[in-house]
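> sharing a model prediction with you, sequence too.
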Amino acid sequence: MNMIDIDHMFGKITLSIIKPDAVKKGHIVPILSEIIHAGFNIIAIKMTELSIKSAQIFYAEHQKKLFFESLIKFMSSGPIVSVILEKKNAVKDFRVLIGNTNPVYAKKGTIRYLYATSLEENAIHGSDSDQNAFKECLFYFSHREIFFKKDL
Ligand code: CMP
């Protein structure tokens, strides 16, 4: 049973998605291992598939961008794994762990360096702010699906 309300975790959580390219290539377990090894706690996890409509809602901030249509098609092209991660400085530390959005510029050893193939098929998502993390976590999970382990 969930003992702490998600509001209490603002600033200590981030939302990650293992994207369809990485799922298709069998990279779920290696990527989750990297994440756990880096000190993140998994407090919610599910394999799911975005419909076109739900992908459009999730990526609404990009709707005016030239790559929007392609992004929606890609993100709804197969199963994804969405995960809520808990850690101090979760958003910032996770973005360091995954590396640059474009794998060409991702530092050696980062998850995108290891598993991404292009700017679009970049294997993994990480929230870009605490506000967005909070919003994104509640997009994928209900309060009953989130399990806090540590008092950070
Ligand atoms: P992410 O930051 O997880 O979420 C938005 C995604 O849009 C981003 O990863 C990239 O995969 C994708 N993206 C960002 N910029 C571009 C671009 N210029 N061309 C194609 N895809 C992009």
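Thanks, I have it.

> residues from this structure in reach of the ligand?
Contact residues (C-beta under 6 Å from any ligand atom) of the chain with the ligand: 67, 71, 101, 119-120, 122, 125. Bear in mind the C-beta positions are built from the backbone N, C-alpha and C, glycine included.

> quick one: buried ones out of the residues you listed?
71, 101, 120, 122, 125 (16 or more other C-beta atoms under 10 Å).

> still on that earlier bit, of the residues of the chain next to the ligand, closest to Asn132?
Nearest to Asn132 among those: His125, at 10.6 Å, using C-beta to C-beta.

> and that closest one, backbone torsions?
Torsion angles at His125 (phi, psi; degrees, to the nearest 10) stand at phi -120, psi 150.

> which residue packs closest to it, ignoring adjacent ones?
Ile17 (4.0 Å; C-beta to C-beta, 6 or more residues apart in numbering).

> confirm that neighbour sits in a helix?
No - read with DSSP: H, G, I helix; E, B strand; the rest coil, Ile17 is strand and lies in no helix.

> check contacts around it.
Applying C-beta atoms under 8 Å, 6 or more residues apart in numbering to Ile17 gives the contacts 80-83, 124-125.

> with Ser76 instead?
49-52, 54-55.

> likewise Ala55?
71-72, 75-76.

> same thing but 6 Å
Listed by C-beta atoms under 6 Å, 6 or more residues apart in numbering, the contact partners of Ala55 are 72, 75-76.
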